[in-house]
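Undergrad: Build the 3D model from these lines:
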Amino acid sequence: MPKGYLALLLHAHLPFVRHPEYSNFLEEDWLFEAITETYIPLLLAYNRMRNDGVPFKVTMSLTPPLLCMLGDDILQKRYDRHLNKLVELAEKEVKRTNTNGHLNYLAQYYLDHFNELRGFWNGCNHDLISEFRKFMEIGNLDIITCGATHGYLPLMKRNPKAVNAQIKVAVDTHEQFLGVKPKGIWLPECAFYEGLDKILAKNGLRYFVVDTHGILFAHPRPKYQNYAPLFCNGSGVAAFGRDLETSVQVWSKDSGYPGDPDYREFYRDIGYDLELDYIKPYIQPNGERKNTGIKYHRITGKGGHKELYDPYWAREKAAMHSANFMYNREKQIEFLSHKMDREPFILAPYDAELFGHWWFEGPQWIEFLFRKSVYDQNTYELTHMRDYLSNNPVQQVSSPAESSWGNAGYHEFWLSDSNGWIYRHLHKAADRMTEMANKYPDAYDLYKRVLDQMARELLLAQSSDWAFIIKSDTMVEYARKRTVNHLRRFTRFYNELQSGQIDEDWLNKVEAVDNIFPQIDYKAYL
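TA: Presented below is the predicted three-dimensional model:
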């Protein structure tokens, strides 16, 4: 018997960005970079381990917006174009660097890497969802859901039907793409409030994730801290808390693994380094520079000078860091096992895009960790939250505290001076959505199409990503525009329903652009 359990959880999420009205749109690169640097590299690692008979276990949340984008024909074709351009650029780089041994070695490394990615992409017929589903069906991967558009649920609780719609649409979308209803959910931003668990239970969800203090400050205080789940008082839904030690080792900008000087430097890219005339076909058509994904330097240190990257050194460092992480989990679990009358459960949740996108070597680290955990230790066992609950049906009953994993642990990052203006409009729109759903409970044909599109526009406006981006002061103009445009479209539909004069041509255009949740039913708001 193991002395404890380790569950690695990767939260794979991107906001819904799809602009067929433009031939090229910069923010669509968010998806293309994630596919290239995170999703396919993870799937390649899963395939290697499966082929070698490694019984790994990992949990991933594939959020509804991400599933809709991965399954979209237009975005698949645009990613195919994006990947072919990467291969073309890498081929040119091999020729350009042929007089510099180290740079040429790196250019060839990228060419081989991109060709491997393209081979996988074409081999699965551009259907990454089926590849993830394959590992779900054989038991290596537990796929959980999230809010329909990653809406920040505690700031929506004044309208419980709006919260319920975020959950119900998510559950229905998960089933549509993956063939089964989800049992678990990554709460958007790990944000919880009292009573949310009852809405989860109503929609068939059995467990969710909160930040550490959501468990530590539960009432009554939990006997096992966050090293065992709680069953929420009144609903029976299980709450799992994030482990702090595992977070610091990977997330910390000062002491975390990704900051090691041998790893690839994210912020040096040939899209900015090379002459404009040469790189112009691979950046924005207007000449605006952007990341291409070809980066020749390692982190080196905090100064501006950067040494050239060496993938071999970086791979060896990833192996060392995975061994260190495993060793620390062994010691942590051995210590806890002497303090508890049951095997401790360690939940290590991360944003999936950290692995590969921000930390290029992250997928290698994950693969090394799983292989070492299976063969090089016998202190803990890899597991899923779902499996742990099945095998441990008796847990403490308590009420988790209101919390999030944002700055200061509560809601301030999504409700600040910069983004607080959003919510009065979201509240009004949510009230109007429930009003119209109740006014037309059995709508059909044109009225049903309008009500369904109103639901899409409201859900898209509610995405927590827009408030996050505005507070982060990054792509502020785009985030503000997305919030305002969805609310404007929603309001126009509302006014058309009120007047009984529906512009079907305009409805057709909006349906073609904001086509998320193709099987949505506005009755989620009843």
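Undergrad: For residue 98, give me its contacts.
TA: residue 104 (C-beta atoms under 8 Å, 6 or more residues apart in numbering). C-beta coordinates here come from the backbone N, C-alpha and C atoms, glycine included.
Undergrad: Apart from its neighbours in sequence, what residue is nearest residue 382?
TA: residue 57 (4.4 Å; C-beta to C-beta, 6 or more residues apart in numbering).
Undergrad: Contact partners for the one you found?
TA: 7, 139, 140, 141, 142, 382, 383, 384, 387.
Undergrad: Burial check on the second one, number of neighbours?
TA: Burial of residue 139, expressed as a neighbour count using other C-beta atoms under 10 Å, amounts to 11.
Undergrad: one step back: same list, the contacts of residue 57, but as TSV with pLDDT and distance to residue 506 please.
TA: Converted to TSV, those look like this (pLDDT from 0 to 100; distance: C-beta to C-beta, whole Å):
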residue	pLDDT	distance to residue 506
7	98	47
139	97	47
140	98	46
141	98	42
142	98	42
382	98	52
383	98	51
384	97	46
387	96	49
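Undergrad: Among these, which are located in helices?
TA: In helices, defined here by DSSP state H, the members of the contacts of residue 57 are residue 387.
Undergrad: Please check the contacts of residue 57 and keep the buried ones.
TA: Among these, those classed as buried by neighbour count (16 or more other C-beta atoms under 10 Å) are 7, 140, 141, 142, 382, 383, 384, 387.
Undergrad: What about these, which are in strands?
TA: 7, 141, 142, 382 (DSSP state E).
Undergrad: Go ahead and confirm the last one touches residue 374.
TA: Spelled out, that is residue 382. Yes: counting by C-beta atoms under 8 Å, residue 374 is a contact partner of residue 382 at 7.1 Å.
Undergrad: Got the confidence number for residue 243?
TA: Note on residue 243: pLDDT of 97.
Undergrad: That one: what's it in contact with?
TA: Here residue 243 is in contact with 212, 226, 227, 346, 347, 348 (C-beta under 8 Å, 6+ apart).
Undergrad: So what are the sheet partners of the helix or strand in which the fourth one is found and their directions?
TA: This points to residue 346. According to DSSP states H and E, residue 346 maps onto strand 345-351. Here strand 345-351 has these sheet partners by DSSP bridges: strand 4-12 (parallel).
Undergrad: what about the nearest residue to residue 354 once chain neighbours are set aside, neighbour count?
TA: Spatial nearest neighbour of residue 354, excluding adjacent residues (C-beta to C-beta, 6+ apart): residue 362 at 6.0 Å. Residue 362 has 27 neighbours, counted by other C-beta under 10 Å.
Undergrad: Go ahead and confirm residue 362 touches residue 351.
TA: No: if you go by C-beta under 8 Å, residue 362 and residue 351 don't touch, sitting 10.4 Å apart.
Undergrad: quick one on the thing from earlier: what about the residue nearest to residue 354, distance to residue 322?
TA: Residue 362 is 11 Å from residue 322, where distance means C-beta to C-beta, to the nearest Å.
Undergrad: cool, residue 44 as well?
TA: Taken as C-beta to C-beta, the span from residue 44 to residue 322 is 17 Å.
Undergrad: and if you look at residue 337?
TA: For residue 337, the distance to residue 322 - C-beta to C-beta - is 22 Å.
Undergrad: next one: residue 487
TA: Counting by C-beta to C-beta - residue 487 and residue 322 are separated by 46 Å.
Undergrad: what do you get for residue 500?
TA: Taking C-beta to C-beta, one finds residue 500 at 63 Å from residue 322.
Undergrad: With residue 79 instead?
TA: From residue 79 to residue 322 the distance is 30 Å (C-beta to C-beta).
Undergrad: could you pull out the strands for the protein?
TA: Going by DSSP E, the chain shows strands at 4-12, 58-62, 141-144, 184-186, 207-210, 230-232, 238-241, 345-351, 380-382, 396-398.
Undergrad: Can you mark which positions in the last one are buried?
TA: The reference is to strand 396-398. Under 16+ other C-beta under 10 Å, the buried positions of strand 396-398 are residue 398.
Undergrad: In terms of secondary structure, what does that strand contact?
TA: Here strand 396-398 touches strand 230-232, going by 3 or more C-beta pairs under 8 Å, 6 or more residues apart in numbering; DSSP states H and E.
Undergrad: Kindly report the domain assignment for this protein.
TA: 4-15+53-71+139-258+313-407, 415-525 (automatic domain parsing).
Undergrad: got a markdown table for those, with distance to residue 23 too?
TA: As requested, the domains of the chain are exported to a markdown table (distance: least, C-beta to C-beta, whole Å):
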| stretch | distance to residue 23 |
| --- | --- |
| domain 4-15+53-71+139-258+313-407 | 18 |
| domain 415-525 | 14 |
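Undergrad: which stretch among these comes nearest residue 87?
TA: domain 4-15+53-71+139-258+313-407 (17.9 Å; C-beta to C-beta).
Undergrad: For the closest one, measure first residue to last.
TA: 30 Å (C-alpha to C-alpha, to the nearest Å).
Undergrad: where does this protein have its least confident helix or strand?
TA: helix 244-251 (a mean of 91; mean pLDDT, DSSP states H and E).
Undergrad: Could you list the buried residues of the strand holding residue 346?
TA: Applying 16+ other C-beta under 10 Å to strand 345-351 flags 345, 346, 347, 348, 349, 350 as buried.
Undergrad: Same question for stretch 396-408.
TA: Counting neighbours by 16+ other C-beta under 10 Å, stretch 396-408 gives 398, 399, 400, 401, 402, 403, 404, 405, 406 as buried.
Undergrad: distance of residue 170 from residue 304?
TA: In terms of C-beta to C-beta, residue 170 sits 44 Å off from residue 304.
Undergrad: Between the two, which has more neighbouring residues?
TA: Comparing residue 170 with residue 304 by other C-beta under 10 Å, the one with more neighbours is residue 170, at 29 against 7.
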